[in-house]
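# I'd like to go over a predicted model; first the sequence, then the structure.
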Amino acid sequence: MGRTIQVSGFALTDSAEYVKDFLERIAGAGTIYALKLRHPKNITATSKAFAIVQFQTQESASLVENAAQRNVLRSGRFYLKVRPADRDIVPRPRIAMFSLDDTVLHLGCLVKENILSGLFSARNVSVQFGFDMKKMYFYLSYNLIKYKLELSYESIWEMQLHRPPAYRSRTKFLLFQVQAAPKIYELLPRRSGLMYEDPFFNWFRDDTDEQWTRTIDFTPSASIGQSSILCLEVPQQCELPNIADYFVYYKEHNLDFECQKGYSYSCGNYFVPIVKSPDYIEVPYEILFKVNNLVQNGTLSGPTVDDNFFRYVSPKVIPIDHIKRALLKMSYLKSTCLNPTNWLSVQYSRIRKLRYALQRSSNISLDDGLVYVHRVQVTPAKVYFYGPEINVSNRVVRHFSADLDNFLRISFVDEDCEKLRSVDLSPRSASGNDARRTALYNRVLSVLSNGISIGDKHFEFLAFSSSQLRDNSAWMFASRSGLTASDIRKWMGDFRNIRNVAKYAARLGQSFSSSTETLKVHKYEVEEIPDITNGTKYIFSDGVGKISANFALEVAMKCKLKAFAPSVFQIRYGGYKGVVAVDPRSNRKLSLRKSMSKFQSENITLDVLAYSKYQPCFLNRQLITLLSTLGVSGNVFELKQEEAIRQLNRMVTEPQAASEAIELMPMGEVTNVVKELLSCGYQPDHEPYLSMLLQAFRASKLLELKTKSRIFIPQGRAMMGCLDETRTLKYGQEIEEYFTNYIVNESLGIIANAHVVFADKEPLKAESLPCIELAKLFSVAVDFPKTGVPALIPPELHVKEYPDFMEKLDKVTYESSGVIGKLYREIKKHTPHIKHFTRDVARRSYDTDLIVDGYKDYISEAIEFKEEYDFKLCNLMDHYGIKSEAEIISGCILKMAKNFTKSRDADAIRMAVRSLRKEARSWFNEMSTGEDGIGQDAIEAKASAWYHVTYHPQYWGSYNEGYDRPHLISFPWHVYDRLLCIKQRRNFLRKMEPDLTSLLNNMNQNLRFH
């Protein structure tokens, strides 16, 4: 028997409190964790109530069960019956590792190491330290309302314990330096009359999660959002847990500590913290944006950002590139900069001494099709500024490129950077007619309706694409004289005939899809052709048009495809959207159908979103579930997975296996480099750069197998769908409130997860009734962005426990007996790893073949460019939260910061790395040109110098002093063609050496005879 039991036989007049007290007389005081008292649906004169009781331990539950078995468990005149309950009331009860009561909580910012500028204080605060200190909970009251602050381990930058001498202070101070605000909850009173909420029927030792509702900052001047320090004041004699055992960044100080009364430093009290320079000090928008970023993540202390500080970041005093580089370096600090003006002075003097290479812009020089855009994240308590970030451009920002700084991407996330849950905006307990909305709902709606101010710019809502809607993000624009957000929407097209809000939003979003601008196509070069239908029900050609073969070649060239023209393009043209397939018989550049036309637009530029290309085929959990439902044996999938694992393991040690793998599963931009390195005789497990790329590739594929059951099928291909125009195939071969309501009703992920669970548990798998119902709901949810009709999930389809392969660590789980569970547990045995480039590896792998005469002449320049390259690459890695060089260079990213996703940001990262690669080559080519140019020997000497300053053991670690990062080695391989020319020549000479020796010996022999 477990710790939760059902006890039957209580009188209908008994309360939950009475039942709790009665059972604890047997099991012991304080042994019950939760209790629910329930009545039968049909009540008669003999009806009795039953209680579901969750005890703290299994032993306590056994005491009650034993009493029932001995017939001594009696309430009044009635004997009670006991049986095991199906599940716990609270699946994972929160057991505090340590608790503190009657503490004082101060919120504010440090202005000196031992002085806190306080913004808010609360007394009688209770604190619970969760298991292993993964979470901390602060319970307090304000204006007669109970609140809970939930702080996660990942949000804490550093913890400090200040112990002033006992004769000076009766208290000690525990400081939490945070880089993200805590989640804020308020306690809702239970509503009597509702059995699931009425205290008469329910008793919980702790308030349940359902009672706590998410809310926004309740303190004066939004003090929680403005504070980078949560400070607990506790009595000196109070024993604290050994925090150093659980938290690496922990310090203790035996010094005085003082909490002073502080004042709000934010220029507003709704969106905090935002700082602004005084009118008489000129600070450009991009600098102000970066300063705010540093304040918001705690690198700068808000009260220290005063007028004097703003003078130090004004281009009137300091060159703007120096300011940018210094602020970028500041972001790497591991603690709050409490004297920022002194720190900046030191940095500026260092920057002035740098040579030519490091006087360049700190930003990467972007390739065509990329733009820098600023982004703001709005959480329930704070705002966070990011960027400017690299984005793939779209039709709108390309046309209004002169106003790029007036565009802003805004996204709504939780404090931990996870997506806001629908229940946080509208509690699930609300009935269908009860339009209860939380303060979070109003906060999101307020941002979209009223906009946000940064410096002198006021940003207002512009539009959002369909993918942005799924990510809870949108575009905003700061209107200026002559151009407003409304003007931009008018330029995009004529939407006056669209009355449905959801459809209107979707049509606006068409222009914001990331795309490549190609060629202008005049109206007379376009023909409209009829759709192919079967009368009224089906439009077989929905969203599909044609493109002439000659024009397809021109478009392919604009997409930088020189070797081939794709057969299908995904496009946007004016108000048209869809795909166009190449038609060799067509004389018109474009042949478009009515089903492709979504609105009227005067724009005549053809934008390409995607095109057909070779794409390897993979199974996934959904396909495996369907194939398994149709009768395919689980052994088939297990064998396929074993085969894929074998190939991945071989590719990191065997050249032939590596060559075969990258032919079948290309690695993107670096595929050619890997091929060339292998063809030059480099071994996959010896050359560090080659090895790290292959290891990253293997690690990412193993991760996909573990999390998605993504099994490679060598004979398969993934294709872009279109219409068979030739008819040769046979049958079978082939806006603001709306945005906020979308967050409330967005259920795709919930439905998809539920389908996985029911397909795993039900005997009929994907053909079971719950799965069929969920599939119908999924179809409704997919169309929600266009129709505005939400998919409402009935209670019986909500999941209560999850299979182990879904890795829901905070939920109740079970070991799956299905094929996906077996695949998951097998792949867990294979651990991915990417080795770092250590000094020992440098000694073993330094290739003297790549060192040529004259390389020493270029060492100084090579060092400068290596430092600049590492600086820019590390900025990218840090921004996206990518841990290894191998991941970002190969594109095989294992993990990113929570506010980014591989599906959304992978293209921008790939193109950013391509831009940096192109920039590095431009540095090399600049060095290679002069009035008369330089010879091949000098070019090779420079390439050799790039290799030497990267790989030689004496340079190991010399580029990352003061930074917590490994030695980077990708720098010289951006001129891999130069290096491999040297290697091939050395290989050729080495191969020819025996033949030359033999020839010389024969010549000597012949000379002797003559």
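Sure, I can see it. Predicted, not measured: the structure shown is a model, and the values here were computed from it.
# Confirm Phe200 sits in a strand?
No: Phe200: not assigned to a strand; according to DSSP: H, G, I helix; E, B strand; the rest coil it is coil.
# measure the closest residue to it other than its chain neighbours to Tyr947 for me?
Closest residue in space to Phe200, ignoring its immediate chain neighbours: Ser15 at 5.1 Å, by C-beta to C-beta, 6 or more residues apart in numbering. No exception for glycine: its C-beta is placed from N, CA and C like everyone else's. Distance of Ser15 to Tyr947, given as C-beta to C-beta, to the nearest Å: 80 Å.
# Those two: who's more crowded?
In this view Ser15 and Tyr947 are compared by other C-beta atoms under 10 Å, and Tyr947 has more residues nearby, 26 against 17.
# Could you pull out the helices in the stretch 401-550 of the chain for me?
Here the stretch 401-550 of the chain has its helices, by DSSP state H, counting those that start in this stretch, at 422-425, 439-450, 466-470, 485-492, 501-510, 549-558.
# want to throw those helices into TSV with mean neighbour count, mean pLDDT and distance to Tyr249?
Output for these, formatted as TSV (neighbours: other C-beta atoms under 10 Å; pLDDT from 0 to 100; distance: least, C-beta to C-beta, whole Å):
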stretch	mean neighbour count	mean pLDDT	distance to Tyr249
helix 422-425	20	88	29
helix 439-450	19	92	30
helix 466-470	17	85	35
helix 485-492	17	94	43
helix 501-510	20	86	42
helix 549-558	17	94	50
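# The strand or helix carrying Arg350 - contacts with which helices or strands?
Using DSSP states H and E, Arg350 falls within helix 340-353. Packing partners of helix 340-353 (3 or more C-beta pairs under 8 Å, 6 or more residues apart in numbering; DSSP states H and E): helix 307-312, helix 320-330.
# By neighbour count, which bits of the last one are buried? Give me those.
By 16 or more other C-beta atoms under 10 Å, the buried positions in helix 320-330 come out as 322-330.
# Let me have the residues you listed in JSON lines, adding pLDDT and distance to Tyr959 as columns.
Formatted as JSON lines, these follow (pLDDT from 0 to 100; distance: C-beta to C-beta, whole Å):
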{"residue": "His322", "pLDDT": "92", "distance to Tyr959": "21"}
{"residue": "Ile323", "pLDDT": "94", "distance to Tyr959": "23"}
{"residue": "Lys324", "pLDDT": "92", "distance to Tyr959": "20"}
{"residue": "Arg325", "pLDDT": "90", "distance to Tyr959": "16"}
{"residue": "Ala326", "pLDDT": "93", "distance to Tyr959": "19"}
{"residue": "Leu327", "pLDDT": "94", "distance to Tyr959": "21"}
{"residue": "Leu328", "pLDDT": "90", "distance to Tyr959": "16"}
{"residue": "Lys329", "pLDDT": "90", "distance to Tyr959": "14"}
{"residue": "Met330", "pLDDT": "93", "distance to Tyr959": "19"}
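# now for those, which pair is the farthest apart?
Greatest spatial distance in those: His322 and Met330, 12.5 Å, computed using C-beta to C-beta.
# before we move on, the earlier item: so which of the helices of the stretch 401-550 of the chain is nearest Ala897?
When the helices of the stretch 401-550 of the chain are compared (using C-beta to C-beta), the closest one is helix 466-470, at 18.5 Å.
# Run the chain-centre distance for that closest one.
15 Å (C-alpha atoms, centre = their mean, to the nearest Å).
# Who are the packing partners of it?
By 3+ C-beta pairs under 8 Å, 6+ apart, helix 466-470 packs against helix 501-510, helix 769-787.
# Now the element after the last one, going C-ward?
Sequence order places strand 802-803 as the next helix or strand after helix 769-787, per DSSP H and E.
# what are the pairing partners of that next one, and which direction each?
strand 813-814 (parallel) (DSSP bridges).
# heading toward the C-terminus, what's the first helix or strand past the partner strand?
helix 819-827.
# pLDDT weak spots in the stretch 151-300 of the chain?
For the stretch 151-300 of the chain, the stretches with pLDDT under 70 are 167, 190-197, 209-210.
# In it, mark out all the helices, start to finish.
Under DSSP H, counting those that start in this stretch, the stretch 151-300 of the chain gives helices at 223-226, 285-296.
# any chance of those helices in CSV, with distance to Asn534 and mean neighbour count too?
What follows is the helices of the stretch 151-300 of the chain, written out as CSV (distance: least, C-beta to C-beta, whole Å; neighbours: other C-beta atoms under 10 Å):
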stretch, distance to Asn534, mean neighbour count
helix 223-226, 58, 26
helix 285-296, 55, 22
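# Reformat the ones you listed into CSV and put distance to Thr31 next to each item.
CSV is the format used below for the helices of the stretch 151-300 of the chain (distance: least, C-beta to C-beta, whole Å):
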stretch, distance to Thr31
helix 223-226, 36
helix 285-296, 46
